[in-house]
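Participant: Sequence first, then the predicted structure:
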Amino acid sequence: MITFLLVLIGFLLIIINFKTIKNEKNTFKGTFDDVSSNLKDYDIEIGKLRKEFGETIFELQQEIQDLKGNIDNGKIKIYKESDIDNEYINSDIEDNEEKVEIEQKTYIQNSDEYKLNPQENNVKINEIKEMMDKGLSIDSISEKLGMGKGEILLIEKLYHK
């Protein structure tokens, strides 16, 4: 009698739980449907980017493994410092030093052309001061002098206050 009662209670529990699971909205399928309907475009793009990065990383790992295999098999030779011809390296270094010296001389010669003329700066500063004293706006001053508004504001702050 007790076994029959336990089997009956177990059977009732299974039926009740089955109905509850069937009606429950928080099941995996319900949650999956909710999330998939709420996906935004940027979430989809992020997923695509992750997939692309994963594929790229996988390809790189395969190439690295292939290179390691080729090195182990002797198909690719790795040169050590002792194998390299030091004279060849020294001649390359000397050639590069000559090129660097030539480039430095050219740079020094051209740098004189770009020195600022202090008289031109003072004229612009004085013009800006005169126009500001007349009450002109920063926009009109920048248009008349062909300068940016930021330059005029900077000159105003540096020289006139």
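Facilitator: Great, that's in hand.
Participant: lowest-confidence helix or strand of the protein?
Facilitator: helix 86-111 (a mean of 56; mean pLDDT, DSSP states H and E).
Participant: immediately after it, which helix or strand?
Facilitator: Next helix or strand after helix 86-111 toward the C-terminus (DSSP states H and E): helix 118-134.
Participant: Domain map for this structure?
Facilitator: Taking automatic domain parsing as the domain assignment, the ranges for the chain are 40-79, 116-161.
Participant: Redo these as a markdown table? Include mean pLDDT and distance to Met1.
Facilitator: Every residue, glycine included, has its C-beta placed from N, CA and C. Compiled in a markdown table, the domains of the chain are given as follows (pLDDT from 0 to 100; distance: least, CB to CB, whole Å):
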| stretch | mean pLDDT | distance to Met1 |
| --- | --- | --- |
| domain 40-79 | 87 | 59 |
| domain 116-161 | 80 | 97 |
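Participant: most distant residue from the middle of this protein?
Facilitator: Met1 (74.6 Å; CA atoms, centre = their mean).
Participant: Compute the number of surrounding residues for Ile125.
Facilitator: By other CB atoms under 10 Å, 15 other residues sit near Ile125.
Participant: just how off-centre is the longest helix seen in the chain within its chain?
Facilitator: Criterion DSSP state H: the longest helix present in the chain is helix 41-73. Counting by CA atoms, centre = their mean, to the nearest Å, helix 41-73 is centred 19 Å from the centre of its parent chain.
Participant: Mind giving me the packing neighbours of that helix?
Facilitator: If you count contacts as 3 or more CB pairs under 8 Å, 6 or more residues apart in numbering; DSSP states H and E, helix 41-73 packs onto no helix or strand.
Participant: buried stuff in that helix?
Facilitator: Of all the residues in helix 41-73, not one is buried under the rule 16 or more other CB atoms under 10 Å.
Participant: quick revisit: need the domains of the chain in TSV (columns: distance to Leu5).
Facilitator: Converted to TSV, the domains of the chain look like this (distance: least, CB to CB, whole Å):
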stretch	distance to Leu5
domain 40-79	53
domain 116-161	90
